[in-house]
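>>> Pasting the sequence and the predicted coordinates here, then a few questions.
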Amino acid sequence: MTSETLTSEALPATSLTSIQLIEDLPLVQKVLRDLLEETGEYQVCAMSDTEAGAVADFIKHQPAVVIVDLNLKQGSGLGFLQQVRRMHLDWRPVLIVVTNYAIAALESACLRTRKRER
């Protein structure tokens, strides 16, 4: 990953909030997408099931919201979060972490990826 700043200027103007889903289970992807898009307020701009795919989609689509599962087909959601933290972004995406494995060590690792600046 380069240290070049990623900007949201490449995105077309839209009234829908863009969401990236990072989830390895196709059924969960479909259910989440359907639930989000049926409101008419959200548009799923990308669905990824690997860490590398998630990073590429994040850079390409620059979503306003990212819903990330920690367990992926290849890599991990935690690895994705760590890569995002190292990026120089001019927008502040909302990062929502979900997992079936809620243990204290994972929670601590996720919290450490948060930027300290506010």
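Done, it's in.

>>> Now stretch 40-53: buried residues?
Using 16 or more other Cβ atoms under 10 Å as the test for burial, stretch 40-53 gives 42, 43, 44, 45, 46, 47, 48, 49, 50, 51, 53. In this view, the C-beta of every residue, glycine as well, is placed from N, C-alpha and C.

>>> quick one: which of those is nearest residue 83?
Closest approach between the buried residues of stretch 40-53 and residue 83, by Cβ to Cβ: residue 51, at 7.8 Å.

>>> Quick check: that closest one touching residue 80?
Yes. With contacts counted by Cβ atoms under 8 Å, residue 51 reaches residue 80, the gap being 5.1 Å.

>>> quick one: common contacting residues for these two?
residue 72 (Cβ atoms under 8 Å, 6 or more residues apart in numbering).

>>> tell me the secondary structure for residue 95?
strand (DSSP: H, G, I helix; E, B strand; the rest coil).

>>> what's the distance between it and residue 26?
22 Å (Cβ to Cβ, to the nearest Å).

>>> Neighbour count for these two, which is higher?
A count of neighbours by other Cβ atoms under 10 Å puts residue 95 above the other of residue 95 and residue 26, at 20 against 10.

>>> what number of residues lie near residue 35?
10.

>>> So which bits of the strand or helix carrying it are buried?
Using DSSP states H and E, residue 35 maps to helix 26-37. By neighbour count on 16+ other Cβ under 10 Å, the buried set for helix 26-37 is 29, 32, 33, 36.
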